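K.L.:
quick one, structure for this:
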Amino acid sequence: ALITNDYFFGEDDANADGVLLITEGIADAIAAQQAGFRCLSPVTTTFRAQDHEKLVRLTAKAKRVVIVNDSEDSGAGERGAFETARVLHAAGRDVRIATIPRPEGVAKIDVNDVVRAQGADGLRAVVDAAKSLPFFLVDRIPKDIERRSLVDALRPVVDAMQRQSPIEQSELKAVIGARV
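P.N.:
Okay, here's the model as predicted:
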């Protein structure tokens with residue numbers, strides 16, 4: 001018999017309005033729920049391409065979706081967060097990406113680590129600092145990027161800006177202007 005991963009952890013949490021977290025794995029989702037957050041997670045660490053339609057459907061009632069993946073040397077959590085955010089942003093969701101601060105010398109930190117060390121308040125601080133997709137992308141552009149490479153680096157930012165409010169677009173333009 002073939003075993004499939006057709007369900008997400010926390011699907012019932014996704015049926016309510018308000019803030020919905022998406023984490024990288026069940027242990028992190030359970031920690032987030034224990035800290036008082038509604039949370040959705042793939043059973044593994046990332047959503048498969050064939051799960052995107054379901055993910056969009058399940059997040060329809062959320063006022064805001066905050067993706068809180070692992071912060072690690074490999075960057076895998078950030079890449080997964082970006083891919084999930086891209087899908088949800090394209091579907092019109094108010095999606096944010098939270099970055100867990102990683103202490104010097106620590107190769108990986110996740111939601112479970114934050115809740116265990118800092119409690120619900122620590123996770124709340126991470127969630128409150130989450131950035132919308134375009135601001136997240138701008139932050140990832142190296143400060144010393146060559147001007148000719150900047151246009152290519154800004155292309156995904158400009159694409160993501162199209163779904164932002166006029167006020168957010170103006171803020172983004174100011175941030176980008178300060179960088180060039």
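K.L.:
and whichever helix in the chain runs longest, how far out from the chain's middle?
P.N.:
Longest helix of the chain, by residue count under DSSP state H: helix 111-128. A distance of 15 Å separates the C-alpha centroid of helix 111-128 from that of its chain, computed with CA atoms, centre = their mean, to the nearest Å.
K.L.:
helices or strands next to that helix in the packing?
P.N.:
strand 19-23, helix 26-34, strand 64-68 (3 or more CB pairs under 8 Å, 6 or more residues apart in numbering; DSSP states H and E). To be clear about C-beta, it is placed using only N, CA and C from the backbone, and glycine gets the same treatment.
K.L.:
want to throw those into TSV with mean neighbour count?
P.N.:
Listed next are the helices and strands packed on helix 111-128 as TSV, based on neighbours: other CB atoms under 10 Å:
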stretch	mean neighbour count
strand 19-23	27
helix 26-34	21
strand 64-68	25
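K.L.:
what's next to the longest helix of the chain, contact-wise?
P.N.:
Residues from elsewhere that reach helix 111-128 (CB atoms under 8 Å, 6 or more residues apart in numbering): 19, 21, 23-24, 27-32, 34-37, 66, 68, 98-101.
K.L.:
where are the low-confidence patches of the chain?
P.N.:
Across the chain, the ranges flagged by pLDDT under 70 are 1-5, 180.
K.L.:
where do the helices of it begin and end?
P.N.:
26-34, 52-58, 76-90, 111-128, 133-139, 147-161, 166-179.
K.L.:
looking at these, which is closest to Y7?
P.N.:
Proximity to Y7 (CB to CB) singles out helix 52-58 among the helices of the chain, at 9.3 Å.
K.L.:
buried set for the closest one?
P.N.:
52, 54-55, 58 (16 or more other CB atoms under 10 Å).
K.L.:
output that helix as PDB, restricted to C-alpha atoms.
P.N.:
Taking Å, rounded to 0.1, in the frame of the first residue of the first chain, the C-alpha atoms of helix 52-58 are listed here in PDB:
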ATOM      1  CA  HIS A  52      -0.500  24.500  -3.100                       C
ATOM      2  CA  GLU A  53      -4.100  24.600  -4.200                       C
ATOM      3  CA  LYS A  54      -5.200  23.100  -0.800                       C
ATOM      4  CA  LEU A  55      -2.900  25.500   1.100                       C
ATOM      5  CA  VAL A  56      -4.500  28.500  -0.700                       C
ATOM      6  CA  ARG A  57      -8.000  27.200   0.100                       C
ATOM      7  CA  LEU A  58      -7.200  26.500   3.800                       C
END
